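Enquirer: Attaching a predicted model along with its sequence, questions to come.
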Amino acid sequence: MGWQDLWSMEEGNLTWTTSGCETVKINNDTIKCSCSHLTFFAVLMSPPDINANITAQYVESLSFITSIGCGISMFFQAVGLFMHSLLRKAKSNQATKILMNMFVALFLLNLSFLSNESVANTEVKAACVFIALLMHYSMLTTFTWFFIQALHMYLWLIRQNISITNYMRKITVFGWTFPAQIVIAVVSIRGYKKRIINTTSGKNPRMYWITDPLIHYIVNIGYYALVFIFTTVIFIMIVSNILQARHIKAADGKRKTFRKQLMMVSSLFLLFGLTWAVAFFNYGPMLIPSYYIFTVLNSFQGFFLFLYYYHIHKDIEGHFSDDPERSASNTTIVQSRVNAVENVYNEPF
């Protein structure tokens, strides 16, 4: 027997499945097997109808990158959440709370993605659909919190005031409930089904995900495209204001401060904007390069987000707040924009 069979249940019938596992040793009546994770992160945003033969020879290397990246990301996301809970929870501001919600969403995405293949191999339909649902929900929630982060920065840096009652509570409810409605709609039309990933080694792993191209393009690509367009516009507006403030304050020796602020805003946009936008180029000759770029950037995204969080707190000594009272006394629009930029990064926790 060349493959280790796994006892599983599919639609009530007990069957054997050989997906993703191989026999490494047989000793008398004892069989030991080795199972490998052979799904890669770019699958989340790749078209379901793509020619699998093109990617078959790259699946193992992409899967290796994904496993390492997601594992490292989950570790540092857990460290970041622990640091926040232990040290800064009581004093954290709105910007930090939004960032922590992004940590949680990404952690769930990495965890559910790494678990999907193992659950799919059991072929227990309810468990398979649930893990696909959780993975899709956490991905859409990640996009939603990226949108909220951009909106929040716009309200503080451009509008300079948030007169919304229970602001943090409302955006938290929106961030976690809006994606749930989309996922429920997909479940109701049975949009999560088994997807086989071809490999050249003969191991054809399976996972549960969206297999209908129309649903994929509308729910995944379409949803992220809207978020990306909105955040890009906000990013341009914020950068324009920072550059304007930098020009005005240049005589006061604030060049270094504004350069740091510009780097912070740009880093956040690059981290959650351009990394996922690589999925827009997974066609034709760009298919394989985009898969590698997408897999590296997004499987390690949790680690990059931790570096962003740590860099902000370390470099500006814990100052990363957005207290509206500190910018309320500004006398001119231009000056208030200058101070608003400073307040976002220079207020104590």
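Expert: Happy to help now that I have it. Numbering: from 1, shown residues only.
Enquirer: need the strands for the stretch 101-250 of the chain, in chain order.
Expert: Assigned by DSSP state E, counting those that start in this stretch, the strands in the stretch 101-250 of the chain fall at 192-196, 206-210.
Enquirer: Out of the ones you listed, which one sits most buried?
Expert: strand 206-210 (a mean of 23; mean count of other Cβ atoms under 10 Å). Every residue, glycine included, has its C-beta placed from N, CA and C.
Enquirer: Can you tell me which helices and strands that strand packs against?
Expert: Helices and strands touching strand 206-210, as assessed by 3 or more Cβ pairs under 8 Å, 6 or more residues apart in numbering; DSSP states H and E, comprise helix 94-122, helix 125-154, strand 192-196.
Enquirer: Send me that strand as PDB with only the CA atoms.
Expert: The C-alpha trace of strand 206-210 is given here as PDB (Å, rounded to 0.1, in the frame of the first residue of the first chain):
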ATOM      1  CA  ARG A 206      -8.800  19.300  -0.700                       C
ATOM      2  CA  MET A 207     -10.300  22.300   1.100                       C
ATOM      3  CA  TYR A 208     -13.700  23.800   1.400                       C
ATOM      4  CA  TRP A 209     -14.100  27.200  -0.200                       C
ATOM      5  CA  ILE A 210     -16.100  29.100  -2.700                       C
END
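Enquirer: That strand pairs with which strands, parallel or anti?
Expert: Its sheet considered, strand 206-210 pairs with strand 192-196 (antiparallel) by DSSP bridges.
Enquirer: and the strand it pairs with with helix 94-122, angle?
Expert: With axes from the mean of the first three to the mean of the last three Cα atoms, to 10 degrees applied, the angle from strand 192-196 to helix 94-122 works out at 60 degrees.
Enquirer: and the angle from strand 192-196 to helix 125-154?
Expert: 100 degrees.
Enquirer: what's next to strand 192-196, contact-wise?
Expert: 43, 48, 52, 120, 128-129, 132-133, 136, 186, 204-211 (Cβ atoms under 8 Å, 6 or more residues apart in numbering).
Enquirer: make it 6 Å
Expert: Strand 192-196 has contacts (Cβ atoms under 6 Å, 6 or more residues apart in numbering) with Val129, Ala132, Asn204, Arg206, Met207, Tyr208, Trp209, Thr211.
Enquirer: again, but for stretch 164-174
Expert: Taking contacts as Cβ under 6 Å, 6+ apart, the residues outside stretch 164-174 that touch it are Gln94, Ile148.
Enquirer: Also stretch 135-155?
Expert: Under Cβ under 6 Å, 6+ apart, the answer for stretch 135-155 is 98, 101-102, 105-106, 108-109, 112-113, 116, 162, 171, 175, 178-179, 182-183, 224, 227, 231, 234, 238, 272.
Enquirer: what about that stretch, average pLDDT?
Expert: Across stretch 135-155, pLDDT averages out at 91.
Enquirer: can you pull the buried residues of it?
Expert: For stretch 135-155, the neighbour count (16 or more other Cβ atoms under 10 Å) marks 135-150, 152-155 as buried.
Enquirer: Nearest to Met74, out of the helices and strands packed on strand 206-210?
Expert: Among the helices and strands packed on strand 206-210, helix 94-122 comes nearest to Met74, with 4.9 Å by Cβ to Cβ.
Enquirer: What residues sit buried inside the closest one?
Expert: Neighbour counts over helix 94-122 (16+ other Cβ under 10 Å) mark 94-117, 119-122 as buried.
Enquirer: Show me what that helix packs onto, helices and strands only.
Expert: Contact here means 3 or more Cβ pairs under 6 Å, 6 or more residues apart in numbering; DSSP states H and E; on that basis helix 94-122 packs against helix 59-83, helix 125-154, strand 206-210.
Enquirer: now those as a markdown table including distance to Thr199?
Expert: A markdown table is the format used below for the helices and strands packed on helix 94-122 (distance: least, Cβ to Cβ, whole Å):
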| stretch | distance to Thr199 |
| --- | --- |
| helix 59-83 | 5 |
| helix 125-154 | 20 |
| strand 206-210 | 11 |
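Enquirer: Please pull out the lowest mean pLDDT helix or strand from the chain.
Expert: Here the helix or strand of the chain ranked lowest by mean pLDDT, DSSP states H and E is strand 6-10, holding a mean of 39.
Enquirer: one step back: do you know which of the helices and strands packed on helix 94-122 lies nearest Asn298?
Expert: Of the helices and strands packed on helix 94-122, nearest to Asn298 by Cβ to Cβ is helix 59-83, at 7.9 Å.
Enquirer: Residues contacting that closest one, please?
Expert: 37-38, 40-41, 103, 107, 110, 114, 199, 295-296, 299-300, 302-303, 306, 309.
Enquirer: for that helix, what is the average pLDDT?
Expert: Averaged over helix 59-83, pLDDT sits at 90.
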